[in-house]
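Chemist: Provided below are the primary sequence and the corresponding predicted coordinates.
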Amino acid sequence: MVVDQALEETIKFERKKPDVFGDAHPKALLREVVEIGEHLKPLDNQHVISSDQFDRNTLLQLFRLAAKFESNPQRFSTPLQGKILISAFYEPSTRTRLSFESAWHRLGGDIMSITDRSTTGIAKGESLSDVGEMFNNYGDCVVLRDTNAHSLFEMVKSLRIPIINAGNGIDEHPTQAMADMYTILKWRPKLTKATIKDKDKIRVGVIGVPNKMRTVRSLLKIFAIFPQIFSEVIIMHDGSNKEIFDGDQLERFKQAGLPITETTKVKKLIPELDVIYINSIAWIGDSVTHFQKKMHLDDKTQLKDSAIILHPLARGDELSTKLDETPHNWYFSQARGAVFIRMALLTCLVQRAERVIDVI
Ligand code: CP
């Protein structure tokens, strides 16, 4: 075969990436958290609707199980054998749908996938409650994404198998928040300790709109389950949105002990942050809405040397690709880790955790 020079360059690729993509971090988290399988029991046969429905112990064990999967992905290939996942995505998705499906496949289960509601009875006016009744007979677990926040609650009415909210309008995206928190704990495993010294607490900036973005709403709810790890959580915005919190949303976070503040003086603050979480786009109705167009991170942004950047992705102009090859890039690790957190969650929901805990 004759390959010209340009094509030869194009077809070469590097399989190796910096350590942030590797398995050192999940192993460190694994060592830090002692396995207590009992704490995973509350996940048995549960619906996953909101990121604040579980307690700290359950989440820590879930993160531990995810780290176990991530540290040794080849070891666990069949715990979901004989189980069927119904993956129903009525709104576009790259990461959530494919990582859920990858997670289920990696564990040996089978999948039925719907990516267009018009191919189901919904197009004929069938109710989501009736669709849910059918799902009970066809599968063992449902993952649902829908632009309409209420669809989830309609389907829940008739379900006798667990459903996972994979994003319901602007309301919640709990498994994304689990993946976000898992990433932070892999980065600093000592944050899993019950007591954290003041000097070890982290200062986090969240660039996003808590009342309009499901990722940010769910992230703050999960932060509120771990309030002791933060010296401050600062919502950073450009002032273009009049209201950035719903009703008592801010007050509830404060009542949970989260040291949360807000500011529009972003530039001065960024060099002092340990973690910067950024998201500027949200799918609302039938299209993408851009928030806070003035917010932007690139390789010129002054960051602490040790600072990490998180982004749920998809990204817009707010996050330059020039940061991808820097040690600040933990957003790819965050997306990669989502597969393992979903493996852990799915295994527990369909009551197969006993096949993977106590296994080294
Ligand atoms: N993070 C996230 O929800 O990405 P997708 O929209 O691609 O699923």
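Modeler: Structure's in. What do you need? Predicted model only: the values in this text are computed from it and were never measured.
Chemist: For the chain, what lies in contact range of the ligand?
Modeler: 93-96, 167, 173, 176, 312-314 (C-beta under 6 Å from any ligand atom). All C-beta spots, glycine's among them, are computed from the backbone N, C-alpha and C.
Chemist: Filter those residues down to the buried ones.
Modeler: 93, 95-96, 167, 173, 176, 312-313 (16 or more other C-beta atoms under 10 Å).
Chemist: The protein: helices as residue ranges?
Modeler: In the chain, the helices defined using DSSP state H lie at 5-11, 24-32, 56-71, 95-106, 128-138, 151-156, 174-187, 214-223, 249-255, 266-269, 331-349.
Chemist: would you list those helices in CSV and tack on mean pLDDT?
Modeler: What follows is the helices of the chain, written out as CSV (pLDDT from 0 to 100):
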stretch, mean pLDDT
helix 5-11, 85
helix 24-32, 91
helix 56-71, 97
helix 95-106, 97
helix 128-138, 96
helix 151-156, 97
helix 174-187, 97
helix 214-223, 98
helix 249-255, 96
helix 266-269, 89
helix 331-349, 96
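Chemist: Which single one of the residues of the chain next to the ligand is nearest to Cys141?
Modeler: Closest approach to Cys141 among the residues of the chain next to the ligand (C-beta to C-beta): Thr96, at 14.6 Å.
Chemist: pretty sure the closest one is touching Gly167, no?
Modeler: Yes. Using C-beta atoms under 8 Å, Thr96 makes contact with Gly167 at a distance of 6.4 Å.
Chemist: any common contacting residues for these two?
Modeler: 145, 173, 176 (C-beta atoms under 8 Å, 6 or more residues apart in numbering).
Chemist: Model confidence for the second one, exactly?
Modeler: In this case it means His173. At His173, the pLDDT value in this model is 98.
Chemist: Check the buried ones among the residues of the chain next to the ligand and tell me the two furthest apart.
Modeler: Gly167 and Leu313 (12.8 Å).
Chemist: pLDDT score assigned to Pro73?
Modeler: If you check Pro73, the pLDDT there is 83.
Chemist: and this structure, what are its domains?
Modeler: The chain breaks down by automatic domain parsing into domains covering 27-173+337-355, 174-336.
Chemist: Can you say which of the ones you listed is nearest to Lys12?
Modeler: Across the domains of the chain, closest to Lys12 is domain 174-336 (C-beta to C-beta), at 17.1 Å.
Chemist: start to end distance for the closest one?
Modeler: For domain 174-336, the first-to-last residue distance is 16 Å (C-alpha to C-alpha, to the nearest Å).
Chemist: can you give me the strands in the stretch 251-360 of the chain?
Modeler: 260-263, 275-278, 281-284, 287-290, 308-310 (DSSP state E, counting those that start in this stretch).
Chemist: tell me which residues in the first one are buried?
Modeler: Taking 16+ other C-beta under 10 Å as the neighbour-count basis, strand 260-263 is seen to contain the buried residues Ile260.
Chemist: And the fourth one, by the same measure?
Modeler: For strand 287-290, a neighbour-count test (16+ other C-beta under 10 Å) marks nothing as buried.
Chemist: Nearest to the ligand: which residue in the stretch 151-300 of the chain?
Modeler: Gln176 (5.2 Å; C-beta to the nearest ligand atom).
Chemist: Val216 is in contact with that residue, correct?
Modeler: No. Using C-beta under 8 Å, Gln176 is not in contact with Val216, being 10.0 Å away.
Chemist: ok so, going back, looking at the domains of the chain, which is closest to Gln5?
Modeler: So among the domains of the chain, domain 174-336 is nearest, using C-beta to C-beta, at 24.6 Å.
Chemist: ok, Leu191 - contacts?
Modeler: Per C-beta under 8 Å, 6+ apart, neighbours of Leu191: 184-185, 200, 202, 226, 229.
Chemist: so which of these comes closest to Arg56?
Modeler: Among the contacts of Leu191, and counting by C-beta to C-beta, the member closest to Arg56 is Phe226, at 6.4 Å.
Chemist: Show the model's pLDDT score for that closest one.
Modeler: 98.
Chemist: Give me the spatial nearest neighbour of it, chain neighbours excluded.
Modeler: Spatial nearest neighbour of Phe226, chain neighbours left out: Arg56 (6.4 Å); criterion: C-beta to C-beta, 6 or more residues apart in numbering.
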